[in-house]
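Trainee: Need the 3D shape of this:
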Amino acid sequence: MATIREVSKRAGVSVATVSRVVNGNQKVVEATRQKVLEAMSELGYEPNSFARSLATNKSETIGMVVGELAGPFFGEMMQFAERVIRDEGKHLIITSGHASLAEERDAIEFLLKRRCDALILHLDLMSDAEILKRVDAEQTPIILVNRLVPELIDQCIYLDNEAGGYLATQHLIERGHRRIACITGPLYKSDARDRLAGYRNALKLADIPYDDQLVVEGDYLEQGGEAALERLFRRDTRFSGLVAGNDLMAIGVIKALRRNGLSVPDDCSVVGYDDVVMAGYIEPGLTTVRVPIEQFGAEAGRLALNLGEGHNFTVQHRFQPTLVERASTRVCLPVKQKPG
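Mentor: Residues are numbered from 1 along each chain as shown. As a prediction, the model looks like this:
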């Protein structure tokens, strides 16, 4: 592998001049810059990226913290963020918070120590106050995904989750359902609380009394949806429709309903949330609220490049959910009195 001294000799300039070209110093005369670049190309010289990052204070990397590394939601978001960032010649470093405040903090420290030029954070447990304190303390730009902190609105990529919860519930109300169950996500998460608020608002506007016996807290996992439905059955409550906090729980609900001898949508209409890829392939196809996950990732990547690299992409910060109607919902029929 060629050395910087060999490049300087081939180009007929000093080692310091080669270094300035490598580090993007604008004070180098253009003719000299071209001689150095030609010499680098001829010799196959590749600058040491670590040394260059020390000189330019840029690592050419963006850091990303997600809730989990598995699952369709985070997988799609990471994929589209990485695509945007790689198209600009940068790299994305990804780690997880694992639904733990200590691990969220550790993940952020890990990325900061690697001198990432900006951080994209999907945080579940860190409070708004702690996030604000962190933003004020760090020079590294921070972007929040699927979360709105009002003081940092220009650094957030977020969805109106309350509107999404309303859409899901209103869809069932419009089809004549009045006994509508709700399986929320973990209520320590702001998106789960917002979706529940949308559910309650839709009931209120339709003059349907809120019944806490119809609401169970879930965990955003398929098995959690099954377990939550069994809890509803143990309460001996009756419902003709059900709103789930995400698609994985909705799929778990459909499995549990079938196991109990009930049909979807004839005995119970089910609405999910996210519109992950599998929502359109299960039987029956899942009616769901679409979250633009790909756009979340892409816009977060563009915003990170804007703030960390001085790019000037146009970025959309706020998204509105939409309802995708499939075969898992129908006009209300009389409620079957017992499972099986």
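
Trainee: what number of residues lie near Gly225?
Mentor: 30 (other C-beta atoms under 10 Å). Backbone N, C-alpha and C define where each C-beta goes, glycine included.

Trainee: Can you give me the buried ones in the helix or strand that contains it?
Mentor: Using DSSP states H and E, Gly225 sits in helix 222-234. By 16 or more other C-beta atoms under 10 Å, the buried positions in helix 222-234 come out as 222, 224-229, 232.

Trainee: packing partners for that helix?
Mentor: strand 180-184, strand 215-217, helix 247-259 (3 or more C-beta pairs under 8 Å, 6 or more residues apart in numbering; DSSP states H and E).

Trainee: picking that back up, would you turn the buried residues of helix 222-234 into CSV with pLDDT?
Mentor: Compiled in CSV, those are given as follows (pLDDT from 0 to 100):
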residue, pLDDT
Glu222, 95
Gly224, 96
Gly225, 97
Glu226, 97
Ala227, 97
Ala228, 98
Leu229, 97
Leu232, 97
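
Trainee: so which of these comes closest to His98?
Mentor: Gly224 (16.4 Å; C-beta to C-beta).

Trainee: wait, doesn't that closest one sit right on Ala250?
Mentor: No: using C-beta atoms under 8 Å as the test, Gly224 is too far from Ala250 to be in contact (10.9 Å).

Trainee: need the helices for the protein, in chain order.
Mentor: Applying DSSP state H to the chain gives helices spanning 4-11, 15-22, 30-43, 49-56, 72-87, 101-113, 128-137, 161-174, 190-205, 222-234, 247-259, 293-309.

Trainee: of all those helices, which lies closest to Gly280?
Mentor: Distance to Gly280, taken as C-beta to C-beta, is lowest for helix 247-259 among the helices of the chain, at 10.1 Å.

Trainee: and that closest one with strand 180-184, angle?
Mentor: Taking axes from the mean of the first three to the mean of the last three C-alpha atoms, to 10 degrees, one finds that helix 247-259 is oriented at 130 degrees with respect to strand 180-184.

Trainee: residues touching the closest residue to Gln79 other than its chain neighbours, list them.
Mentor: Closest residue to Gln79 apart from its sequence neighbours, by C-beta to C-beta, 6 or more residues apart in numbering: Gly297 at 6.6 Å. Counting by C-beta atoms under 8 Å, 6 or more residues apart in numbering, Gly297 touches 76-84, 145.

Trainee: Show me where this structure dips below the pLDDT cut-off.
Mentor: Applying pLDDT under 70 to the chain picks out residues 1, 23-26, 48-57, 335-340.

Trainee: domains in it, as residue ranges please.
Mentor: 4-56, 61-159+293-319, 161-292 (automatic domain parsing).

Trainee: Of the ones you listed, flag the one that's most buried.
Mentor: domain 161-292 (a mean of 20; mean count of other C-beta atoms under 10 Å).

Trainee: for that one, the distance to its chain's centre please.
Mentor: 21 Å (C-alpha atoms, centre = their mean, to the nearest Å).

Trainee: ok, now stretch 2-9?
Mentor: Distance, stretch centre to chain centre, for stretch 2-9: 45 Å (C-alpha atoms, centre = their mean).
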